[in-house]
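Novice: Sharing a model prediction with you, sequence too.
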Amino acid sequence: MAEDTLGQDFPMQRQCPFEPPKEYERLRAEQPISRVRMPDGTPAWLVTLHEDVRTVLASPAFSSDLAHPGMPAVNPEIRTIARQQRPPFSRMDPPEHSFFRRMLIPEFTVKRTKTLRAGIQSVVDGLIDDLLRKSPPVDLVDEFALPVPSLVICQLLGVPYSRHEFFQQQARVILSRQSTREQVGAGFTALRAYLDTLVEEKLHTPGDDLTSRLATEHLEPTGELCRQDLVASCMLLLTAGHETTSHMISLGVTALLEHPDQLAALQNDLTLLPEAVEELLRYLSIADYVPSRVALEDVVIGGTVIRAGEGVVPLLAAADWDPKVFDNPGTLDIHRGNRRHVAFGYGVHQCIGQHLARTELEVAFSTLFTRIPTLQIAAPSDELDYDHDGMLFGLHELPVTW
Ligand code: HEM
């Protein structure tokens, strides 16, 4: 791809918080595979049709390896830091990647997730009790949307409750846009050191949690997993499952409050909850450009030749608003009944925590709107502090009242 024939700059901004950037619609219709310039000036291909996005994500001709020079980076600084460390399994290709998936899949099945539901419900109940003791307006991100996934991941990894404040604080520093590079680095170091100590503790006194199982079944007895990779996997689960779920909770609440007919339909019939969560995942597609890939060989996608070594960004939000697959994609319709969205990705890297995320979202939305039926946003929704700069689309703050 010649640099002088580059197209427009990527990423493009959302004009409306509930819609993918308007440009996606034009590209999908006129130039479904198009060239863009990444923030560091390097070229990449954008893919906008649902069919093509799935083809790229399912194809072994594309790699997730960050070390590959052609890998497109929305945040080149983070890529530089990440390249200095051993990659988490989300950035490995099969067969190395398959080892981690096989090891972790039993922890994230629908069945296993069901056993976590009661714990999630008590986390959500406790946070709403605390919320109701405060006088509104309160920030729903700080008081609810962020702590839900944080406390759930603590339970999953077996972090003792007495350490959850430390854990949550470090996670907050890592995820905050206000944090400096040094603070993020220090947060990572502190968490990694903490998780390493946790592994040590679990080896001596195992509990009924993921860290204990990985340590006692895959680290010590067989040696198939090294300690560094175990800690890196725990870190990945922590970071991948945190801000994603938090943004989905706060944006999902905002979207429902902005569509009172849909919220009323849901409140009248909570059996619609799973469908409503699927539709919100599609409609908001917050992880739009999280998957990035690089071609390992020349490959034709939608009639366009992508050469070996070229970077590709399959746009999840563009795919999830493809009118060939979703009628009136711009309408939030909790009765839609079409689950073909790619909000969790597709192919071998498809989100391992998706059943857990769905459960967290179901419990969060249903409990919040049942226990606080008069919940309102304390500011016009177009004046809220949306996160346009991160890898995920979301809200920094959501002032609410009731
Ligand atoms: C992968 C989205 C929640 C753990 C992914 C990918 C997407 C995604 C799009 C694919 C990345 C790629 O193809 O390169 C989301 C969304 C979530 C969510 C929208 C919330 C609504 C979670 C949770 C966890 C989790 C709760 C775990 C506790 C992971 C991991 C991967 C992943 C470990 C890498 C999987 C692999 O490479 O095999 N997620 N995720 N995610 N997600 Fe999630």
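Specialist: Nice, thanks for sending it over.
Novice: got the residues of the stretch 301-402 of the chain near the ligand?
Specialist: Contact residues (Cβ under 6 Å from any ligand atom) of the stretch 301-402 of the chain with the ligand: 343, 344, 345, 349, 351, 352, 353, 356, 357. No exception for glycine: its C-beta is placed from N, CA and C like everyone else's.
Novice: So which bits of the helix or strand the last one falls within are buried?
Specialist: Under the criterion of DSSP states H and E, residue 357 resides in helix 354-371. Judged by neighbour count (16 or more other Cβ atoms under 10 Å), helix 354-371 contains these buried residues: 354-369.
Novice: Show me the helices in the stretch 1-150 of the chain, by range?
Specialist: With helices called from DSSP state H, counting those that start in this stretch, the stretch 1-150 of the chain shows them at 23-30, 50-58, 76-83, 96-104, 110-132, 140, 147-157.
Novice: roughly how far apart are residue 296 and residue 72?
Specialist: Using Cβ to Cβ, to the nearest Å, one gets 15 Å for the distance from residue 296 to residue 72.
Novice: do residue 11 as well
Specialist: As judged by Cβ to Cβ, residue 11 and residue 72 stand 10 Å apart.
Novice: again with residue 323
Specialist: Applying Cβ to Cβ to residue 323 and residue 72 gives a distance of 26 Å.
Novice: Who has more neighbours out of these two?
Specialist: With neighbours defined as other Cβ atoms under 10 Å, residue 323 and residue 72 compare such that residue 72 has more, 24 against 13.
Novice: Any idea how many residues pack against residue 349?
Specialist: For residue 349, the count of nearby residues is 21 (other Cβ under 10 Å).
Novice: Show me which residues of the stretch 51-200 of the chain are close to the ligand?
Specialist: Selection of the stretch 51-200 of the chain residues close to the ligand by Cβ under 6 Å from any ligand atom yields 64, 89, 90, 101, 153.
Novice: Quick one: these as CSV, columns for pLDDT and neighbour count too.
Specialist: Below are these laid out as CSV (pLDDT from 0 to 100; neighbours: other Cβ atoms under 10 Å):
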residue, pLDDT, neighbour count
64, 97, 22
89, 95, 21
90, 96, 19
101, 97, 16
153, 90, 26
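Novice: For residue 382, give me its contacts.
Specialist: Each residue near residue 382 by Cβ atoms under 8 Å, 6 or more residues apart in numbering is listed here: residue 17.
Novice: thinking again about what came up before, which of the residues of the stretch 51-200 of the chain next to the ligand sits closest to the ligand?
Specialist: Nearest to the ligand, judged by Cβ to the nearest ligand atom, of those is residue 90 at 3.5 Å.
Novice: Which parts of the stretch 151-300 of the chain are helices?
Specialist: For the stretch 151-300 of the chain, applying DSSP H, counting those that start in this stretch gives helices covering 164-175, 181-204, 210-214, 227-240, 243-258, 260-268, 273-284.
Novice: Nearest to the ligand: which residue in this protein?
Specialist: In the chain, the residue that lies nearest the ligand is residue 353 (2.1 Å; Cβ to the nearest ligand atom).
Novice: Hmm, residue 241 and that residue touching each other?
Specialist: Yes - the criterion here is Cβ atoms under 8 Å, and residue 353 meets it with residue 241 at 4.7 Å.
Novice: hmm, back to that, how about residues contacting the helix holding residue 357?
Specialist: 108-110, 113-114, 116-117, 120-121, 124-125, 128, 132, 144-145, 148-149, 152, 156, 241, 244-245, 248-249, 252-253, 256, 263, 266-267, 270, 273-274, 276-277, 280-281, 344, 351, 375.
Novice: Quick one, which of those are buried?
Specialist: Using 16+ other Cβ under 10 Å, the buried members of those are 108, 113, 116, 120-121, 124, 128, 144-145, 148-149, 152, 156, 241, 244-245, 248-249, 252-253, 256, 263, 266, 273, 276-277, 280-281, 344, 351, 375.
Novice: which of the residues in stretch 16-28 are buried?
Specialist: Of all the residues in stretch 16-28, those buried under the rule 16+ other Cβ under 10 Å are 17, 18, 19, 20, 21, 23, 24, 25, 27, 28.
Novice: Looking at those residues, which is nearest residue 54?
Specialist: Residue 54 has its nearest neighbour among the buried residues of stretch 16-28 in residue 28, at 14.1 Å by Cβ to Cβ.
Novice: Isn't the closest one up against residue 320?
Specialist: No - with contact defined as Cβ under 8 Å, residue 28 does not reach residue 320; the gap is 11.3 Å.
Novice: Tell me how far the nearest residue to residue 273 once chain neighbours are set aside lies from residue 285.
Specialist: Using Cβ to Cβ, 6 or more residues apart in numbering and skipping residues adjacent in sequence, the residue nearest residue 273 is residue 362, 5.1 Å away. Relative to residue 285, residue 362 is positioned 18 Å away (Cβ to Cβ).
Novice: got it, and residue 263?
Specialist: Relative to residue 285, and taking Cβ to Cβ, residue 263 is found at 20 Å.
Novice: cool, and residue 255?
Specialist: With Cβ to Cβ as the criterion, residue 255 and residue 285 are 12 Å apart.
Novice: got it, and residue 120?
Specialist: For residue 120, the distance to residue 285 equals 23 Å [Cβ to Cβ].
Novice: do the same with residue 66
Specialist: Applying Cβ to Cβ, the value for residue 66 to residue 285 is 23 Å.
Novice: now swap in residue 326 and tell me
Specialist: 11 Å.
Novice: what does residue 192 give?
Specialist: From residue 192 across to residue 285, the span is 31 Å (Cβ to Cβ).
Novice: who has more neighbours, those two?
Specialist: Neighbours were counted for residue 192 and for residue 285 using other Cβ under 10 Å; residue 285 has more, 21 against 17.
Novice: Please report the distance of the spatially closest residue to residue 231 that is not a sequence neighbour from residue 245.
Specialist: Leaving aside its chain neighbours, residue 231 sits nearest to residue 195 (4.8 Å; criterion: Cβ to Cβ, 6+ apart). Residue 195 sits at a distance of 19 Å from residue 245 (criterion: Cβ to Cβ).
Novice: for residue 371, same thing?
Specialist: 19 Å.
Novice: neighbours of the closest residue to residue 76 other than its chain neighbours, just the number please.
Specialist: Of all residues beyond its chain neighbours, the one nearest residue 76 is residue 40 (4.3 Å), with distances taken as Cβ to Cβ, 6+ apart. Per other Cβ under 10 Å, the neighbour tally for residue 40 reads 13.
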